[in-house]
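Student: Have a look at this fold, sequence not included:
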């Protein structure tokens with residue numbers, strides 16, 4: 001009897017199924033990575049990585065190439081990212 005009383009005061013609410021959340025930044029990065037400018041920078045980065053990994057003793061890093069590639073991706077993403085946020 002007490003259960004019915006509390007049930008009438010506090011109705012049982014069931015959660016609706018939520019749609020799968022997708023990170024719009026990740027989607028845009030994948031799309032932007034296919035653009036010609038970003039693709040060229042990624043190839044340049046990969047070439048550097050291959051060169052560095054083929055040597056046993058080198059002080060060379062591919063930091064500059066990586067930063068150039070990430071900068072190009074971020075520049076492309078920011079064009080449309082904020083219009084897609086909820």
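Tutor: Good, I have the coordinates. In this text, all values refer to a predicted model and were calculated from it rather than measured experimentally.
Student: for this structure, what are the low-confidence residue spans?
Tutor: For the chain, the stretches with pLDDT under 70 are 1-13, 15, 86.
Student: Go through it and flag its longest helix.
Tutor: helix 36-54 (DSSP state H).
Student: What lies in contact with that one?
Tutor: The contact list for helix 36-54 (CB atoms under 8 Å, 6 or more residues apart in numbering) reads 32-33, 58, 60-62, 65-66, 68-69, 72-73, 76. (Glycine included, C-beta is placed from N, CA and C.)
Student: So the spatially most central residue of the chain, which state does it fall into?
Tutor: Nearest residue to the geometric centre of the chain (CA atoms, centre = their mean): residue 26, 2.7 Å. Assigned with DSSP: H, G, I helix; E, B strand; the rest coil, residue 26 falls in the helix class.
Student: Return the set of buried residues in the longest helix of the chain.
Tutor: Buried residues in helix 36-54, counted by 16 or more other CB atoms under 10 Å: 38, 41-42, 44-45, 48.
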